[in-house]
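J.: Build the 3D model from these lines:
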Amino acid sequence: MDPLAAPHPGRPQHVRSFHPRRSRITAASADAIERLWPVWGVDLDGTPYDLVAAFRGRPVVLEIGSGMGEAAAQMAAAQPDMGVLAVDVHTPGLGALLRAVEEAGLDNVRVGRGDAVELLRDMLQPACLAGARVFFPDPWPKARHHKRRLIQPEFALLLGSRIAPGGFVHLATDWGPYADQMRTVLDACELFEAAKPVDVPLLGVRPETRFERAGRAKGHPVTDLVYRRP
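T.: The predicted model follows:
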């Protein structure tokens with residue numbers, strides 16, 4: 001039984017930050033996970049996580065759905081004074097990110113495996129994050145699947161509660177209807193207000209990834225949305 005699929009007693013079901021899928025892992029990624037997980041890995045098992053100790057007092061940005069880790073590694077290298085907690089469930093991507101962290105000699109990245117909702121709800125204290133990034137989450141384009149989308153009102157409130165005043169959330173998608181939903185949800189959330197990137201000093205520059213280039217090649221315009229916690 002998948003422990004991440006079982007709700008806590010007395011708690012309602014929630015939208016998960018991922019949906020499991022089978023995937024193959026290369027020998028290099030498997031080796032990286034075996035060697036480096038004890039150093040930089042975090043199992044999202046509900047145990048409270050001390051960001052101050054893990055990142056030595058750095059402000060921390062949570063990246064939900066880090067994919068193959070391209071953006072997380074590049075942004076961490078560009079902002080060495082910022083901690084990055086990159087979370088995903090895709091094992092090959094976690095291995096690739098660990099390899100990139102090792103090759104670049106980064107000490108400001110931690111890699112989480114599991115449900116980001118559980119991390120936010122059970123493992124992190126209120127107002128502990130400097131910001132959050134959700135780049136290209138699954139758009140679930142079919143109407144009957146829209147309830148599976150991560151960016152929902154309940155999630156926005158949970159995420160906002162873990163971001164400190166003055167912090168930010170940066171969203172990106174190449175699916176127009178999902179961009180509209182994201183904007184509607186964040187505009188209605190009492191914990192966020194729309195912001196311009198220039199007003200968010202810790203935002204950083206989002207690099208273009210292979211996934212984004214593939215979307216643009218299909219004619220999908222990319223929308224970036226930035227909100228801050230007042």
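
J.: longest strand of this protein?
T.: strand 163-173 (DSSP state E).

J.: list the helices and strands that strand packs on?
T.: Where contact means 3 or more CB pairs under 8 Å, 6 or more residues apart in numbering; DSSP states H and E, strand 163-173 is packed against strand 129-135, helix 176-188, strand 223-228. For glycine as for every other residue, the C-beta is placed from the backbone atoms N, C-alpha and C.

J.: Tell me which residues of the shortest one come out buried.
T.: Of the residues in strand 223-228, those with enough neighbours to count as buried (16 or more other CB atoms under 10 Å) are 223, 225, 226, 227, 228.

J.: Ok, stretch 168-185 next?
T.: Within stretch 168-185, the residues that qualify as buried are 168-175, 178-179, 181-183, 185, counting by 16+ other CB under 10 Å.

J.: Of all pairs in those, which one spans the longest distance?
T.: Put simply, by CB to CB the two of the buried residues of stretch 168-185 set farthest apart are 168 and 175, 21.7 Å from each other.

J.: Assign residue 219 to helix, strand or coil.
T.: Here residue 219 is coil, with the state taken from DSSP: H, G, I helix; E, B strand; the rest coil.

J.: ok, it to residue 150 distance?
T.: 24 Å (CB to CB, to the nearest Å).

J.: Looking at the two, which is more packed in?
T.: Remark: of residue 219 and residue 150, residue 150 carries more neighbours, 23 against 7, as counted by other CB atoms under 10 Å.

J.: pLDDT below threshold where in this structure?
T.: Residues of the chain meeting the criterion pLDDT under 70: 1-23.

J.: What about residue 35, how many residues nearby?
T.: Counted with other CB under 10 Å, residue 35 comes out at 12.

J.: and the closest residue to residue 146 other than its chain neighbours, what element?
T.: Take residue 146 and drop its neighbours on the chain: the residue closest to it by CB to CB, 6 or more residues apart in numbering is residue 140, 6.0 Å away. Applying DSSP states H and E as the criterion places residue 140 outside every helix and strand.

J.: Does residue 140 touch residue 152 like I think?
T.: No. In this structure residue 140 lies outside contact range of residue 152 using CB atoms under 8 Å: 11.2 Å.

J.: What segments of this protein are strands?
T.: Secondary structure of the chain (DSSP E): strands at 41-43, 60-64, 83-88, 109-113, 129-135, 163-173, 193-194, 223-228.

J.: Any chance of JSON lines for these, columns distance to residue 211?
T.: Shown next, in JSON lines, are the strands of the chain (distance: least, CB to CB, whole Å):
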{"stretch": "strand 41-43", "distance to residue 211": "23"}
{"stretch": "strand 60-64", "distance to residue 211": "14"}
{"stretch": "strand 83-88", "distance to residue 211": "13"}
{"stretch": "strand 109-113", "distance to residue 211": "18"}
{"stretch": "strand 129-135", "distance to residue 211": "9"}
{"stretch": "strand 163-173", "distance to residue 211": "10"}
{"stretch": "strand 193-194", "distance to residue 211": "25"}
{"stretch": "strand 223-228", "distance to residue 211": "14"}
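
J.: who's in contact with residue 173?
T.: 136, 137, 139, 179, 182, 222, 223 (CB atoms under 8 Å, 6 or more residues apart in numbering).

J.: Let me see the contact set for residue 162.
T.: 62, 120, 124, 125, 126, 127, 128, 129, 132.

J.: Can you tell me how far it is from residue 116?
T.: 10 Å.

J.: Now list whatever residues contact both of those two.
T.: Here residue 162 and residue 116 have residue 62 as joint contacts, going by CB under 8 Å, 6+ apart.
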